[in-house]
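> How does the following fold in three dimensions:
(one chain, ligands or ions: 1)
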Amino acid sequence: MEKLILNTYKDALTHVIFPRMCAHCDAEIGRFEDFLCHACWEKVEPTYYEMLKENTALDKLFYARVKLKSSYALFHFSEGNPIQSLLHNLKYKHKEKVGLYLGKCLGVKIKEMHKAPYFDAIIPVPIHPKKEFQRGYNQCDSLCRGLANILQIPVDKHLLIKNKNTESQTKNNKWARWENTLGNFTLKQRDMPYKSILIVDDVITTGSTLESLCTSLTKEHPSLEISIASIAFAGR
Ligand SMILES: [Zn+2]
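From the prediction side, this is the model:
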């Protein structure tokens, strides 16, 4: 009990000396808030896909493109939304704690959606080794670790590699992105050790990266079951 009081006191003191700032609006955030202030969390839009019985907009995005076992995204993504700031922190500011936190949130929802998650491994969407070296990390790795912590499923970051270092694709249109990413992933081993995998990305916009990745995988391993999950999805 004394230790608890001491820790609470220590936490409060740390908060006074090092106030934490909201990743979106720079307002000071409360001791019990994570990364965003209360007002900014209010602006974040959950998809609530775990509660939907019918096919979601994300399911529909991949229709006739790739066969997926399931798909899930935690939040809607829109320009200027606080979720964009969180993902920016994760991608460019090395905020591993943001990734672990969001990965755990994703895990809780996926567990809710599939009563017994049936994946053999969690696979982060790979980035080119040169890019990973320059940045020092792949932003999906910490997401996957958070997710693995909740689902109790191993992460395999060595199953796939990215072949070509493409330019930033965010400004390209759908078809240009397809050309950039098609066939840019390689399986590092001939045998597939898994029956069912969960591929994790930070944000899904046109879906072309995941489409390319899943197409490469199912071409080699037609019976492989692929599910995808992301923190945010730009469609409605
Ligand atoms: Zn804020």
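> Would you mind measuring the gap between the ends of stretch 31-48?
Stretch 31-48 has its terminal residues 27 Å apart, counting by Cα to Cα, to the nearest Å.
> Report the buried residues of the helix or strand hosting Asn149.
Assigned by DSSP states H and E, Asn149 belongs to helix 139-151. Judged by neighbour count using 16 or more other Cβ atoms under 10 Å, the buried positions of helix 139-151 are 139-148, 150-151. C-beta coordinates here come from the backbone N, C-alpha and C atoms, glycine included.
> Run through who's touching that helix.
Helix 139-151 is touched from outside by 87, 90-91, 96-108, 110-111, 117, 119, 122-125, 127, 154-155, 157, 198, 200-202, 229, 231, with contacts defined as Cβ atoms under 8 Å, 6 or more residues apart in numbering.
> With stretch 43-62 instead?
Against stretch 43-62 from outside (Cβ under 8 Å, 6+ apart): 36, 68, 71-76, 78, 81-83, 109-110, 112-113, 204, 207, 210-211, 228, 233, 235-236.
> Cross-check those residues against the ion and keep the overlap.
With Cβ under 5 Å from the ion as the criterion, the contacts of stretch 43-62 include none near the ion.
> Sitting in helices, which of the residues you listed do you find?
Among those, DSSP state H puts 82-83, 109-110, 112-113, 210-211 in helices.
> Show me the contacts of helix 139-151 that map onto helices.
Going by DSSP H, the helices hold 87, 90-91, 96-108, 110-111 from the contacts of helix 139-151.
> Show me which of the residues you listed are buried.
Using 16+ other Cβ under 10 Å, the buried ones in those are 87, 90-91, 96, 98-107, 110-111.
> Now the two most distant members of those.
Lys91 and Lys111 (25.4 Å; Cβ to Cβ).
> Next, give phi and psi for Lys195.
Backbone torsions of Lys195, given as degrees, to the nearest 10, read phi -100, psi -30.
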